[in-house]
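Trainee: Structure, please.
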Amino acid sequence: ELKRRRLSRWDGPQLTVVIDEGQVVLAQVRRDKERLQRLVELSSLGRSRGVVLWWATQYPVTDGSAPGVDKMIAPNLLTRFSLRVASSVQALVALDDCADYA
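Mentor: The predicted structure follows:
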């Protein structure tokens, strides 16, 4: 549709995709690289196509055996907020360079 209308950015209705419990979702898609890649693409290209991704997790880390958000997805999440987290690492992942952990 974008190509047909000669648009580079979607100007129609917006679709919001909410991922609740990102850690659980990532545990499921880690075994399927194609599904993980589709989530990464959704996070990076979605806004230009009218899709906004909201990612929720109780464990905001990007590495280890059970990450709460993927390293390739985290930078594409533009709006961030966090309740209390357990460590400065979690604060940095959840809030990026807006984190002030004390």
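Trainee: List the buried residues in stretch 69-88.
Mentor: Val69, Asp70, Ile73, Ala74, Asn76, Val85 (16 or more other C-beta atoms under 10 Å). (Each C-beta comes from the backbone N, C-alpha and C, glycine too.)
Trainee: swap that for stretch 18-26, sorry
Mentor: Ile19, Gly22, Gln23, Val25, Leu26.
Trainee: The third one and Gly64 touch, don't they?
Mentor: No: in this structure, Gln23 is not within contact of Gly64 by C-beta atoms under 8 Å, at 10.4 Å.
Trainee: Break down this structure into its strands, ranges please.
Mentor: 15-19, 51-55 (DSSP state E).
Trainee: roughly how far apart are the residue nearest the centre of the chain and Arg4?
Mentor: What sits nearest the mean C-alpha location of the chain, by C-alpha atoms, centre = their mean, is Ile73, with 4.4 Å. Applying C-beta to C-beta, to the nearest Å, the value for Ile73 to Arg4 is 29 Å.
Trainee: Next, count neighbours for Pro60.
Mentor: 25 (other C-beta atoms under 10 Å).
Trainee: Could you do the one 4 residues further on as well?
Mentor: Using other C-beta under 10 Å, Gly64 has 8 other residues around it.
Trainee: cool, and Thr62?
Mentor: 17.
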